[in-house]
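*Asks:* return a 3D structure for these sequence lines:
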Amino acid sequence: MKRMLLVVAFFAAAAMTAMPWTGGFRSPDVNLFSPDSGNPDAYGYVYVKSGDPGGPTFNWIDISTIGTQVTGLMDDNVMGPFPIGFDFPYYWYAVDQVYVGSNGYLSFSSNQNFAHPFQNLPSTLAPPDLIAIYTGDLDFSPGAAYGSCYYYTSPTLDTFIVTYDSVKEWDVAGTYHTFQVILTKADSCITMQYGPQNGTYNHSGEADIVGIQNITKTIGLQYFRDGVAGAGAARPVDGMAVAYIPPETTTLAVHDVGISWVDNPLSGGIFIDRGADFTPVAEVKNFGNQPESTFNVILRIYYKSGASIVFADTITIYNTLNPGDLDTCTFDPFSVPDIDTTYRVQVRTYMTGDMTPANDSITFRLQAKAAPSWLGYFTEPATGSSWNGDSSGYGNMFVPPNYPFTLDSIGFYPATVTTAGSVDFVVMDDDGTDGGPGTILFSSRMTVNTGNAGFWFNIPVNPSISITEGAFYVGAITVTNASFSTGTNAVPPGAVSRRAYEFTGSWAPSRDAGIQEVWVIAHGTWSSVGVDEIGVSVPSLFRLACPTFVTSASLYNLSLVTESDVTVSLFDVSGRNVRTLFSGKLSSGNHNLGFNTEDLSTGLYFLRANVNGSERSLKVNLVK
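*Replies:* Model prediction:
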C-alpha cells in the first residue's frame with residue numbers, strides 16, 4: 001500500500017499448470033555464464049538468466065500439494081521465521097531460516113517490513129540478508145480474492161523452495177503474479193523462476209525489484225528495478241529463470257564487528273521507574289569473515305537531545321570472535337535520577353579497520369516515568385502520515401515500566417483532518433504471531449472532526465485493563481479512505497523507539513520504525529510487586545545483567561571480581577522461589593549462564609543473585 005506524507009508543523013487467479021517436482025532440477029554451471037550477465041558484487045556473486053550460456057533451465061517445481069502454506073500474509077507484512085532445513089551458505093556465512101514478506105521477498109535474519117517505495121540494492125533502508133525474488137506492491141489481503149504462498153524442504157535436506165502463486169498487485173484489478181526461489185545446498189546457488197505474469201508490476205514507479213544483499217546491507221547485486229534492467233537483464237516473464245551464483249573463492253577479507261541489539265532483540269525503546277537502576281546489555285557480533293579480537297565496546301548515555309554525556313562505560317573484548325560468533329556485554333548500572341527524563345542509550349564498537357560503520361552502533365530510547373503517567377514516543381513537531389485506502393492506520397507497542405500495569409486511557413494525535421470520519425481505536429494483547437498484535441482487549445469507534453486537528457484525542461478505556469506480563473499494542477484505524485493524517489515525527493538523532501506499527505489490512509512493524517515515531521499513546525498506573533529490585537550492596541563485588549525478554553535458551557551474565565560463593569534463583573511475582581538456576585563456586589571473571597525454564601509459564605519473574613551474601617535482583621519477562 002502507498003503512503004501519503006503531509007508535512008504540517010504542530011507543537012502539542014488463474015491457476016498455473018506445472019509439473020510436480022521429482023528431484024530433476026538442473027542447477028547452473030558455476031564455471032559458465034554469459035559475458036553480459038551481472039557484474040560481480042564486492043563479494044563475487046554474479047547472475048545469469050535462462051537462455052544465456054551456462055544459464056539455468058526453467059523447470060517449474062510445483063510445491064502446492066507438498067509444501068507448507070504460509071498463512072497470515074496480508075498487505076505489507078512479514079511472517080516467520082520458517083526453517084530452511086539445512087545450513088545454506090550465503091555470502092561468507094551460513095543461514096538456516098527465512099522470513100517471508102508479502103511483497104515477494106525473503107530475509108534470512110529480519111522481519112523488517114519492506115514496502116513501497118523500493119530502493120536500489122544494496123540499500124540500508126532495505127532488510128538485511130534480502131532476496132528480492134520479484135518484489136512489488138503485492139496484496140494477500142482477503143479482498144484480493146486470490147494469492148497463496150508455500151515453502152518446502154526436500155526430503156534429502158538439500159533444496160529449499162518458496163513459491164508465490166497468483167498474487168495480486170495492490171490496487172490493480174485483474175493482476176496476478178507467480179514466481180518462486182530455489183536454494184540448492186550443493187552449489188549454494190539461488191535460482192528465481194517466473195511463471196505467469198498478468199498485468200503491470202510498475203503502475204506507480206519504484207514498484208518492482210529483483211536482487212540480493214547481505215547482512216550488512218552494503219554488498220549486493222541488483223538484476224532489475226522499476227522497469228530498468230541491469231547488465232544482461234530483462235523484465236521477468238513467464239518461463240524465465242535467473243540464477244545468482246556465488247564465487248568458488250573470494251578475495252574479499254571482511255573485517256566487521258558490530259552491535260546486534262541493545263537491551264532486547266528489537267533494540268526497542270523501554271520505560272523505567274524513576275530512581276531505578278538500569279543495567280545496559282548489548283550483543284556484539286562478528287559480521288565479517290576474519291577472526292577478530294581486542295576491540296572496544298563503548299556505552300554512552302545522553303539526554304534526548306544534545307551532546308552532554310550523562311553516563312559512560314567501556315568494555316574491551318579480548319577473546320577471539322570467529323566469523324558469526326556472538327558475545328554479550330554487560331555494562332555498569334546507570335542510576336536513573338528521580339525525574340521524568342528521556343535518554344538516548346548508545347552502544348558502539350570501535351575496531352581499527354572495521355569496514356561497515358552502519359552496524360557499529362545502535363541507539364535506543366530510555367524513558368524514566370513515575371506512575372501514573374502517559375507512555376508514548378514522540379518529539380515535536382508533528383508530521384502527518386496517512387495511507388491510500390480504506391481500513392488503514394498506525395499504532396505502537398508498549399512494554400510497561402512494571403507490572404501489573406493498569407491501562408485506563410489511550411490517545412492519538414490527528415495532525416490534519418480534511419473531513420470528519422470514523423476511527424476504530426483498539427488495544428491488543430501480544431499473543432499474536434511472534435509476539436505481535438493478537439487478541440483485541442478493547443475497541444471503540446469514534447468520530448474525528450476537523451476541530452480535532454492539531455490536538456490530542458483521548459479515549460477512556462472502560463473498564464480498565466490489567467497488563468500482568470509482556471507487551472500490549474494500541475492502534476488507530478480509519479474506517480474509510482483516510483480523511484486525516486496521524487501524527488508522526490522524524491526521529492531526532494538516535495532517540496528512536498522502534499515500536500511503531502502500521503495497519504494496511506493487518507498489523508505489522510512499521511516500514512519506517514527505525515526512522516519515525518507514531519503519536520499514539522497509553523495512560524496507566526503501576527506499582528512494584530513481589531520481589532523488589534535490589535541494588536548492588538557492594539558495587540565492586542559483582543554485576544548481574546540479562547535481556548528484558550528471555551527464553552529457556554537465553555543467557556544471563558554474572559561478572560565477579562573474585563572467586564565467590566554464588567546462588568542464582570528465579571522468583572515469581574508473589575515472591576516464591578520457583579527455580580534455583582545455579583549454586584556453587586565461580587571463579588573471578590565474566591560468566592554467561594543459562595536459564596532452565598522450559599516448564600515455567602510465560603510471565604514476569606525476578607532473577608536474584610546472591611554473591612558472598614550481597615544480593616541483586618532484576619526483572620525478566622519469560623516468553624515461549
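*Asks:* list the buried residues of the strand or helix carrying residue 85.
*Replies:* Assigned by DSSP states H and E, residue 85 belongs to strand 78-90. Under the neighbour-count criterion of 16 or more other C-beta atoms under 10 Å, strand 78-90 has 78, 79, 80, 81, 82, 84, 85, 86, 88, 90 buried. Backbone N, C-alpha and C define where each C-beta goes, glycine included.
*Asks:* elements contacting that strand?
*Replies:* strand 93-101, strand 148-153, strand 159-169 (3 or more C-beta pairs under 8 Å, 6 or more residues apart in numbering; DSSP states H and E).
*Asks:* that strand - what's its average pLDDT?
*Replies:* Averaging pLDDT along strand 78-90 gives 90.
*Asks:* just checking: what are the partner strands of that strand?
*Replies:* Strand 78-90 pairs in its sheet with strand 93-101 (antiparallel), by DSSP bridges.
*Asks:* ranking helices and strands of the chain by mean pLDDT, which lands last?
*Replies:* Ranking every helix and strand in the chain by mean pLDDT, DSSP states H and E puts strand 3-6 at the bottom, with a mean of 41.
*Asks:* that one: what's the following helix or strand?
*Replies:* Using DSSP H and E, the helix or strand that follows strand 3-6 in sequence is strand 46-49.
*Asks:* who does that following strand pair up with?
*Replies:* strand 240-245 (antiparallel).
*Asks:* now do the strand holding residue 85 against strand 159-169, angle only.
*Replies:* 140 degrees (axes from the mean of the first three to the mean of the last three C-alpha atoms, to 10 degrees).
*Asks:* pLDDT (mean, whole number) over the one helix or strand residue 565 maps to?
*Replies:* Assigned by DSSP H and E, residue 565 falls within strand 564-572. The pLDDT scores in strand 564-572 average 88.
*Asks:* output the contacting helices and strands for that strand.
*Replies:* strand 555-560, strand 577-586, strand 603-611.
*Asks:* right, and these - which one's nearest residue 176?
*Replies:* Nearest of those to residue 176, taken as C-beta to C-beta: strand 603-611 at 45.0 Å.
*Asks:* neighbouring strands for that closest one, and are they parallel or not?
*Replies:* For strand 603-611, pairing defined by DSSP bridges yields strand 564-572 (antiparallel), strand 614-622 (antiparallel).
*Asks:* compare these and give me the one nearest residue 501.
*Replies:* strand 614-622 (19.1 Å).
*Asks:* check the offset of the closest one from the chain's centre.
*Replies:* 26 Å (C-alpha atoms, centre = their mean, to the nearest Å).
*Asks:* what's the mean pLDDT across that strand?
*Replies:* 77.
*Asks:* show me where the stretch 101-250 of the chain has strands.
*Replies:* 105-107, 130-136, 138-139, 148-153, 159-169, 176-184, 189-198, 208-213, 220-225, 228-229, 240-245 (DSSP state E, counting those that start in this stretch).
*Asks:* who's in contact with the nearest residue in space to residue 347 that is not next to it in sequence?
*Replies:* For residue 347, ignoring the flanking residues on the chain, the nearest one in space by C-beta to C-beta, 6 or more residues apart in numbering is residue 282 at 4.3 Å. The neighbours of residue 282, taking C-beta atoms under 8 Å, 6 or more residues apart in numbering as the test, are 259, 260, 261, 262, 263, 297, 299, 328, 329, 331, 347, 362.
*Asks:* just those now: which is nearest residue 274?
*Replies:* residue 263 (18.0 Å).
*Asks:* and that closest one, what does it touch?
*Replies:* Applying C-beta under 8 Å, 6+ apart, we find residue 263 in contact with 270, 280, 281, 282, 345, 364, 547, 548.
*Asks:* so the fourth one bridges to which residues?
*Replies:* When you say that, I think you mean residue 282. Beta-bridge partners, per DSSP bridges, of residue 282: residue 262, residue 329.
*Asks:* likewise the fifth one?
*Replies:* When bridges are assigned using DSSP bridges, the partners listed for residue 345 are residue 301, residue 364.
*Asks:* separation between residue 252 and residue 245?
*Replies:* 16 Å (C-beta to C-beta, to the nearest Å).
*Asks:* if I look at residue 118, how far off is residue 162?
*Replies:* Distance of residue 118 to residue 162, computed by C-beta to C-beta: 18 Å.
*Asks:* what is the burial count for the nearest residue to residue 601 once chain neighbours are set aside?
*Replies:* Among residues not flanking residue 601 along the chain, residue 622 sits closest, at 7.7 Å (C-beta to C-beta, 6+ apart). The criterion is other C-beta atoms under 10 Å. On that basis, residue 622 has 21 neighbouring residues.
*Asks:* give me the pLDDT for the closest residue in space to residue 86 that isn't next to it in sequence.
*Replies:* Excluding its sequence neighbours, the residue lying closest to residue 86 (C-beta to C-beta, 6+ apart) is residue 157, at 4.7 Å. The score at residue 157 is 88. That number is its pLDDT.
*Asks:* tell me which residues touch residue 157, please.
*Replies:* With C-beta under 8 Å, 6+ apart, residue 157 has these contacts: 85, 86, 185.
*Asks:* surely the first one and residue 160 touch.
*Replies:* Yes. With contact taken as C-beta atoms under 8 Å, residue 85 and residue 160 are classed as touching, separated by 6.2 Å.
*Asks:* intersection of neighbour lists for these two?
*Replies:* With C-beta under 8 Å, 6+ apart, residue 85 and residue 160 have common neighbours 153, 154.
*Asks:* part of a helix, is residue 393?
*Replies:* No. Applying DSSP: H, G, I helix; E, B strand; the rest coil, one finds residue 393 to be strand, outside a helix.
*Asks:* the nearest residue to it once chain neighbours are set aside is in what secondary structure piece?
*Replies:* Ranked by C-beta to C-beta, 6+ apart and with sequence neighbours excluded, the top spatial neighbour of residue 393 is residue 477, at 3.9 Å. Counting by DSSP H and E, the element that carries residue 477 is strand 472-478.
*Asks:* that strand packs against which elements?
*Replies:* Under the contact rule (3+ C-beta pairs under 8 Å, 6+ apart), strand 472-478 is packed against strand 392-398, strand 405-412, strand 421-429, strand 500-503, strand 520-526.
*Asks:* quick one: contacts for residue 127?
*Replies:* 99, 101, 105, 107, 110, 112, 114.
*Asks:* ok, those residues vs residue 370, which is closest?
*Replies:* Of the contacts of residue 127, the one sitting nearest to residue 370 (C-beta to C-beta) turns out to be residue 112, at 34.1 Å.
*Asks:* give the contact list for residue 364.
*Replies:* Taking C-beta under 8 Å, 6+ apart, one finds 262, 263, 267, 268, 269, 270, 344, 345, 496, 497, 498 in contact with residue 364.
*Asks:* what's the distance between it and residue 545?
*Replies:* 16 Å.
*Asks:* what's the answer for residue 380, then?
*Replies:* From residue 380 to residue 545 the distance is 34 Å (C-beta to C-beta).
*Asks:* residue 172 too?
*Replies:* From residue 172 to residue 545 the distance is 51 Å (C-beta to C-beta).
*Asks:* just residue 46 next, same as before
*Replies:* For residue 46, the distance to residue 545 - C-beta to C-beta - is 45 Å.
*Asks:* about what we covered before: the residue nearest to residue 393 contacts residue 424, correct?
*Replies:* Yes. Contact status for residue 477 versus residue 424: in contact at 4.5 Å, counting by C-beta under 8 Å.
*Asks:* out of these two, which sits in the more crowded spot?
*Replies:* residue 477 (20 against 17).
*Asks:* buried ones in stretch 461-477?
*Replies:* Buried, per 16+ other C-beta under 10 Å, within stretch 461-477: 461, 465, 467, 469, 470, 471, 472, 473, 474, 475, 476, 477.
*Asks:* alpha carbons of it, as CSV, please.
*Replies:* Output in CSV follows, covering the C-alpha atoms of stretch 461-477 (Å, rounded to 0.1, in the frame of the first residue of the first chain):
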residue,chain,number,x,y,z
VAL,A,461,-10.6,2.6,28.5
ASN,A,462,-13.6,1.4,30.5
PRO,A,463,-13.3,-1.0,32.2
SER,A,464,-9.6,-0.5,32.7
ILE,A,465,-7.3,-3.4,31.6
SER,A,466,-4.7,-5.0,33.8
ILE,A,467,-1.5,-6.0,32.0
THR,A,468,0.4,-8.5,34.0
GLU,A,469,3.1,-9.6,31.6
GLY,A,470,4.8,-8.9,28.3
ALA,A,471,3.6,-6.1,26.0
PHE,A,472,0.4,-4.6,24.6
TYR,A,473,-0.4,-2.6,21.5
VAL,A,474,-2.6,0.5,20.8
GLY,A,475,-3.7,1.4,17.4
ALA,A,476,-6.0,3.8,15.4
ILE,A,477,-7.6,2.6,12.2
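*Asks:* if anything else comes up later, I'll come back, but that's it for now.
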